[in-house]
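> Using only what follows, build the 3D model:
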Amino acid sequence: MCGRFTLTLDANQFYNAFPWLNNVAEISPRYNIAPSQPVAVVSNQQPKQLDFFSWGLIPSWAKDPSIANRLINARSETIAEKPSFRNAYRRRRCLVLADGFFEWQSISGKQGKTPFYFRLKSGEPFAFAGLWENWHALDGSEIRSCTIITTDANSLIEPIHDRMPVILPKYSFAMWLNPFEQPVDKLNPLLIPFPAEDMTAIQVSPLVNNAKFDTPECIFPG
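Below is the predicted model:
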């Protein structure tokens, strides 16, 4: 799964990676983004606009928004069939912007789990494959929410965790952000592990275990 990630680079670095976006200046450094918090997204409804959605999908048919706590990730193998994701997969896709993410390893004989931080060797920002929804409450209020798609871990991450978020290659952005319904046989080939040779990992401070900490120390070697 993907339960925490970062967005630490400055606006210029994000503009270089996503030059078509109009408002990357709104990005502020985040070192420990957690579920239910706002995350930077680009939706296929407004593919040139940076926006902020709540992390944890709330399907339009949900009676209670607390379902979002269970839907922070969507497994690539089942999103085309699961009621919570299948319509969004075809019609409401998004990029979730990031520059690193965390996974935790269980070590025999050691209490608790050890956090590791993963990012690209190039240091560039990237985009997770995401889905989004717009949920309307009875009082007329609305919540725009999203989930991050996961797949099997690559060889770098596999010793730490058996899953990883889908990092989309740049060539796929146009298809992923197409505003029209897309057949799953075109989308499914994109949901694969990112090449391990293009990534790096370090063990980091256990500060990241607590979502209250959102400081550079969260990504320091630990």
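> who's in contact with the closest residue to residue 144 other than its chain neighbours?
Distances taken as Cβ to Cβ, 6 or more residues apart in numbering place residue 53 nearest to residue 144, at 4.5 Å, with adjacent residues excluded. Every residue, glycine included, has its C-beta placed from N, CA and C. Applying Cβ atoms under 8 Å, 6 or more residues apart in numbering, we find residue 53 in contact with 38, 39, 41, 43, 94, 132, 144, 145, 146.
> Of those, select the buried ones using a ChimeraX command.
The command below creates a ChimeraX selection of those among the contacts of residue 53 that count as buried (16 or more other Cβ atoms under 10 Å):
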select :39,41,43,94,132,144,145,146
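> which one of the contacts of residue 53 is nearest residue 103?
residue 39 (17.5 Å; Cβ to Cβ).
> got the contact list for the closest residue to that closest one other than its chain neighbours?
Here the nearest residue to residue 39 in space, its sequence neighbours aside, is residue 55; by Cβ to Cβ, 6+ apart that works out to 4.7 Å. Listed by Cβ under 8 Å, 6+ apart, the contact partners of residue 55 are 33, 34, 35, 36, 37, 38, 39, 72, 145, 146, 147, 148.
> how about JSON lines for those, with distance to residue 4 added?
Formatted as JSON lines, the contacts of residue 55 follow (distance: Cβ to Cβ, whole Å):
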{"residue": "33", "distance to residue 4": "6"}
{"residue": "34", "distance to residue 4": "6"}
{"residue": "35", "distance to residue 4": "8"}
{"residue": "36", "distance to residue 4": "12"}
{"residue": "37", "distance to residue 4": "10"}
{"residue": "38", "distance to residue 4": "14"}
{"residue": "39", "distance to residue 4": "11"}
{"residue": "72", "distance to residue 4": "10"}
{"residue": "145", "distance to residue 4": "17"}
{"residue": "146", "distance to residue 4": "15"}
{"residue": "147", "distance to residue 4": "15"}
{"residue": "148", "distance to residue 4": "11"}
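> Low-confidence ranges, the protein, go.
Low-confidence regions of the chain, defined by pLDDT under 70, span residues 108-110.
> which residue ranges form the strands in it?
With DSSP state E as the definition, the chain shows strands at residue ranges 5-7, 30-33, 38-43, 51-55, 73-75, 93-98, 100-106, 113-120, 126-136, 142-152, 163-165, 199-203.
> Tell me the strands beside the third one, with direction?
The reference is to strand 38-43. Partner strands and pairing direction for strand 38-43 (DSSP bridges) are strand 51-55 (antiparallel), strand 93-98 (antiparallel).
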